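S.K.: just a sequence and a predicted model for now, questions to come.
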2 protein chains.
Amino acid sequence: MSGPEIERLIQALAKLPGLGPRSARRAALVLLKKRDAMLRPLAAALTETDAAVHACGICGNLDSDNPCGICSDPRRDPTSLCVVEDVADLWALDRAAIFSGRYHVLGGVLSALDGVGPEDLAIAGLIERAKAPEVTEVILALSATVDGQTTAHYVTDRLADCGVTISRLAHGVPVGGELDYLDEGTLAAALKARRPV
Amino acid sequence: MSGPEIERLIQALAKLPGLGPRSARRAALVLLKKRDAMLRPLAAALTETDAAVHACGICGNLDSDNPCGICSDPRRDPTSLCVVEDVADLWALDRAAIFSGRYHVLGGVLSALDGVGPEDLAIAGLIERAKAPEVTEVILALSATVDGQTTAHYVTDRLADCGVTISRLAHGVPVGGELDYLDEGTLAAALKARRPV
């Protein structure tokens, strides 16, 4: 029907999260129609990103600078480290612009099922950083899943001798969330952590 | 937060139909995580497709061969031409594997609003092909929209002297469609074209 190149492009596009085989086909056609406006810029952006972007040697963030823009920013509070699972979580927190310290990307969570052990995560680097005299607080911003909480426990144990305050994100009702759509675990946590008004 | 290359990649991905800014960010991160399995194959597929794939000089299909695989396939019935708006429609019909003739891609439909006139569509080429002695039928597989039907009327007029039978796709209830979700126009067309059982 169409050439093998188009089929390969559709298959490569279909692997992207959010695109299925049907929308990948549509995307391929749009790319082929708008070669100058879409196809070539995308191909160039992919190649440039591949060449320029690497994981920060300190925190694990993805950036074209190493150390990354956050680790090398002198305005960032050096006393506070926020531990996240993934670069996506780091970006989400940084977009919210509510944390002025630095980050540490674990690169995943412990998972017996997926065979992810402590040595697969950037935990040694975290201990190293937490031992630095200027660091006084480590915030664990891990998923509220079983694996996330297992990881949080493990990291807390490992950080015990580093002389830092360890905290975790609060559980509760999401802002804008409706009560009757929430699961019981969240409701129980929100009730237990209720605050006087 | 992250380098300008990543931002450019996210912007290029967000232009794809089906991906918004949020899912483009997620896709960019996945691509950066799986460089060998996803980023580089996608970059290569884009560049290869750009270089290899062109519109068929006869029917307008996108293919790495010119004439395309359909136009050059001797097993295809040379008497029947199916007129479609877009390459996507051609692919959809060809996936269904119910038409054994050849196609003709108009490249759009007439639209006063969008300033698309007959000279913007591949109508001259269609007339030329319909005049060939072996062609006996032209099937208009255009959208059942106002613009699509205007285009069908115009093409029918232009084909009047070509000595071909002109037909259009049947209107009716989509197979698997539920009646109470259908619009009145479709129901009226289906009722009018009712068939004895």
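M.R.: Cool, got the structure. Computed from a predicted structure; not experimentally measured. Numbers count the residues shown, from 1 in each chain, chains lettered A, B, ... in the order given.

S.K.: domain ranges for chain A, per the record?
M.R.: Structural domains annotated on chain A: A:4-52, A:62-168, as defined by automatic domain parsing.

S.K.: which of the ones you listed sits most buried?
M.R.: Of all these, domain A:4-52 has the most neighbours on average by mean count of other CB atoms under 10 Å in any protein chain shown, namely a mean of 19. For glycine as for every other residue, the C-beta is placed from the backbone atoms N, C-alpha and C.

S.K.: quick one: average pLDDT of that one?
M.R.: For domain A:4-52, mean pLDDT is 94.

S.K.: one more: stretch A:65-84?
M.R.: 94.

S.K.: what about the helices in chain A?
M.R.: Assigned by DSSP state H, chain A shows helices spanning A:4-14, A:21-33, A:40-52, A:87-96, A:123-130, A:146-158, A:184-192.

S.K.: any part of the second one near chain B?
M.R.: Yes. Looking at helix A:21-33 against chain B by CB under 8 Å from any CB of the partner chain, the contacts come from A:23, A:25, A:26, A:27, A:28, A:29, A:30, A:31, A:32.

S.K.: CA atoms of stretch A:77-96 as CSV?
M.R.: Extracted in CSV, the C-alpha atoms of stretch A:77-96 (Å, rounded to 0.1, in the frame of the first residue of the first chain):
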residue,chain,number,x,y,z
ASP,A,77,18.8,26.6,48.5
PRO,A,78,21.7,24.2,49.2
THR,A,79,20.3,22.9,52.5
SER,A,80,17.3,21.1,51.1
LEU,A,81,17.2,18.0,48.8
CYS,A,82,14.0,16.7,47.2
VAL,A,83,14.1,13.0,46.3
VAL,A,84,12.0,12.1,43.2
GLU,A,85,11.5,8.8,41.3
ASP,A,86,11.8,10.2,37.9
VAL,A,87,12.9,13.3,35.8
ALA,A,88,9.2,13.8,35.0
ASP,A,89,8.5,14.2,38.7
LEU,A,90,11.3,16.7,39.0
TRP,A,91,9.9,18.7,36.1
ALA,A,92,6.4,18.6,37.6
LEU,A,93,7.6,19.9,40.9
ASP,A,94,9.8,22.5,39.2
ARG,A,95,7.0,23.7,37.0
ALA,A,96,4.9,24.3,40.2
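
S.K.: just checking the distance from it to the centre of its chain.
M.R.: Chain-centre distance of stretch A:77-96: 8 Å, with CA atoms, centre = their mean, to the nearest Å.

S.K.: who touches that stretch?
M.R.: A:59-62, A:70, A:99-109, A:126, A:129-130, A:134-143, A:148, A:151, A:155, A:164, B:1-2, B:25-26, B:29, B:32 (CB atoms under 8 Å, 6 or more residues apart in numbering or on different chains).

S.K.: one more pass at 6 Å, please.
M.R.: For stretch A:77-96, the external contacting residues (CB atoms under 6 Å, 6 or more residues apart in numbering or on different chains) are A:61-62, A:99-106, A:109, A:134-142, B:1, B:29.

S.K.: ditto for stretch A:124-143
M.R.: Counting by CB under 6 Å, 6+ apart, residues outside stretch A:124-143 touching it are A:78-85, A:104, A:148, A:151-152, A:158-159, A:162, A:164-169.

S.K.: Provide a list of residues in contact with residue A:25.
M.R.: Per CB under 6 Å, 6+ apart, neighbours of residue A:25: residue A:10.

S.K.: repeat that for the one 5 residues further on.
M.R.: Counting by CB under 6 Å, 6+ apart, residue A:30 touches residue B:17.

S.K.: near chain B, which residues of chain A show up?
M.R.: Residues of chain A lying close to chain B (CB under 6 Å from any CB of the partner chain) are A:1-3, A:5-6, A:8-9, A:12, A:15-19, A:23, A:26-27, A:29-30, A:32, A:38-39, A:41-43, A:45-50, A:52-53, A:62-64, A:87-88, A:94.

S.K.: distance of the residue nearest to residue A:27 when sequence neighbours are not counted from residue A:14?
M.R.: Nearest non-adjacent residue to residue A:27, counting by CB to CB, 6 or more residues apart in numbering or on different chains: residue B:16, 4.5 Å away. Residue B:16 sits at a distance of 12 Å from residue A:14 (criterion: CB to CB, to the nearest Å).

S.K.: with residue A:140 instead?
M.R.: For residue A:140, the distance to residue A:14 equals 36 Å [CB to CB].

S.K.: residue A:38 against residue A:32, yeah?
M.R.: No. At 9.0 Å, residue A:38 does not count as touching residue A:32 under the criterion of CB atoms under 6 Å.

S.K.: can you pull the contacts of the residue lying closest to residue A:150 once chain neighbours are set aside?
M.R.: Leaving out its chain neighbours, the residue that sits closest to residue A:150 by CB to CB, 6+ apart is residue A:110, at 5.3 Å. Listed by CB under 6 Å, 6+ apart, the contact partners of residue A:110 are A:116, A:150, A:151, A:154.
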